[in-house]
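>>> coordinates only, no sequence provided:
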């Protein structure tokens, strides 16, 4: 073996060697291809194996982010470039043990694989918020983050509109994630990670990918624990809606057939996807135009139906939501969540029109009656929060608890200024605490009225829990309250605020008003 390979920053993968760099005492590799660039004839096609290379490949910089439209909620770092050639991942590992020789390898470490959010249309693993340095330093884990196809290129299903001899695969973003997980199985041991102890975790759309993949037979064996933060669990749609949305996309793109999309510039497709998303959420409140779809293959059935029937993968799960998920959407006047009485009513009416059997379950009188001030103040946004995030997570947790250890949390913590501004614990608020990246930009006003010391304390406990779960399935933290399993009887939930407490069935009145039958679009 050439001497160069004793360099702990040079690692041999199945497709060639990569050279990383030392970052803050950790070994970092960025921009490693886990699939072939999905360009040209591979646009709209499931990920293909990457081309091997012969030289040592430089893995210093993040790969391209998937093409996406500018988004107020997701700011990309200045040096991030957009390109369809986006199927890369990043590995962050502890320093190599001093005495590490090929015959005295140290034990393999738990692996945590991160899936970023961004409503299935935005985001990248390169966002500073998702820097895994603290997790690796504090937990002795190997951290992997990845980019996957977004928007029309990642989540619209054109197969129902294409000619028989044309190749349009569905759920490409999910397939990309599985390709990355397969890469982890084949390669992560070379970086010091244990392919038998992989935790998949994600937030928002990333959490939606986690909860959907848990119902995909294709994902079996690729991860062993899962964490879903603020997952839009039920925002997965059937073939009929998928076809209608795809047709609408063609119309907005000004083309007659899916084949014509192969030659349109990717950034133009991202713009059309953004317009489609806004139009769909305005016309059909409570729905996402761009999301995973039931394709009978990757996603065999509506995930919530799979959970109810016990057909999901029996993987230990942590799932939870934030107390004020919808405040961000309200303040940004985002159409993604209904935040007025009219749009909330329209959402329920549309669900019942599509699924008349839910008429009783989706009774607006009963559900709205559980919110004392409805429709005043911010209650429509609260109903919307519970329709999109909180209740679907509860329905999932109750069902999943029958097949695997399940734990539920609610993140309630907000700094003084966020409480004062009425933002509270909004969508994505827990991320800074999970990653320990509390002050990442000079413009961030989160701690302008104090609260940083307390945030560090909450973050340390939350990280120990996530890391303990990744290590051995036990999210315990020294000196912190025990976190009991969730089930449909006790409904024990960890409430994370100034301190932590466990409450059985918090918001019981609201939960009972919604009932146990999942209310979702078809």
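Great, that's in hand. What you see is a predicted model; the values in this text were computed from it and never measured.
>>> near the nearest residue to residue 204 once chain neighbours are set aside, how many other residues are there?
Once flanking residues are discounted, residue 204 sits nearest to residue 117: 2.9 Å by CB to CB, 6 or more residues apart in numbering. Using the backbone N, CA and C atoms, a C-beta is placed for each residue, glycine as well. Counted with other CB atoms under 10 Å, residues neighbouring residue 117 total 26.
>>> residues in contact with residue 117?
Shown in contact with residue 117 (CB atoms under 8 Å, 6 or more residues apart in numbering): 123, 202, 203, 204, 205, 206, 207, 230, 428.
>>> three-state assignment of it?
Three-state call for residue 117 (DSSP: H, G, I helix; E, B strand; the rest coil): coil.
>>> how close does it get to residue 203?
Residue 117 is 5 Å from residue 203, where distance means CB to CB, to the nearest Å.
>>> one more: residue 21?
For residue 21, the distance to residue 203 - CB to CB - is 27 Å.
>>> the two - which one has more neighbours?
For residue 21 and residue 203, the more surrounded residue by other CB under 10 Å is residue 203, and the numbers stand at 27 against 14.
>>> pretty sure that one sits against residue 432.
No. Applying CB atoms under 8 Å, one finds residue 203 not in contact with residue 432, separated by 11.2 Å.
>>> spell out the residue ranges of the strands in the stretch 351-500 of the chain.
406-411, 492-496, 500-504 (DSSP state E, counting those that start in this stretch).
>>> what's the closest of those strands to residue 443?
Evaluated over these, closeness to residue 443 peaks at strand 406-411, with 22.9 Å, by CB to CB.
>>> list of residues touching the closest one?
Contacts of strand 406-411 (CB under 8 Å, 6+ apart): 316-323, 393-394, 397, 400, 425, 429-430, 433, 475, 483-487, 491-496, 506.
>>> please pick the buried ones from these.
Neighbour-count burial (16 or more other CB atoms under 10 Å) is assigned, among the contacts of strand 406-411, to 316-323, 393-394, 397, 400, 425, 429-430, 433, 475, 483, 486-487, 491-496, 506.
>>> now the spatially closest residue to residue 492 that is not a sequence neighbour, what are its backbone angles?
The shortest distance from residue 492 to any non-neighbouring residue, by CB to CB, 6+ apart, is to residue 484 (4.3 Å). Backbone torsions of residue 484, given as degrees, to the nearest 10, read phi -70, psi 160.
>>> quick check: residue 484 touching residue 502?
Yes. Shown here, residue 484 and residue 502 form a contact pair, counting by CB under 8 Å, at 6.3 Å.
>>> report the set of residues contacting both of the two.
residue 492.
>>> what's in contact with the helix or strand of the chain with the lowest mean pLDDT?
Here the helix or strand of the chain ranked lowest by mean pLDDT, DSSP states H and E is helix 327-331, holding a mean of 82. The contact list for helix 327-331, computed with CB under 8 Å, 6+ apart, reads 73, 334, 336-337, 339, 378, 381, 384, 422-424, 426-428.
>>> re the thing from before, look up how far residue 453 lies from the residue nearest to residue 204.
Distance, residue 117 to residue 453, by CB to CB: 28 Å.
>>> show me the contacts for the spatially closest residue to residue 43 that is not a sequence neighbour.
Leaving aside its sequence neighbours, residue 43 sits nearest to residue 262 (CB to CB, 6+ apart; 5.6 Å). Applying CB under 8 Å, 6+ apart to residue 262 gives the contacts 41, 43, 44.
>>> by neighbours, which of those residues wins?
residue 44 (25 neighbours).
>>> now whatever helix or strand residue 135 lives in: how far from the chain's centre is it?
If you go by DSSP states H and E, residue 135 is part of helix 133-139. Between the centre of helix 133-139 and the centre of its chain there are 20 Å (CA atoms, centre = their mean, to the nearest Å).
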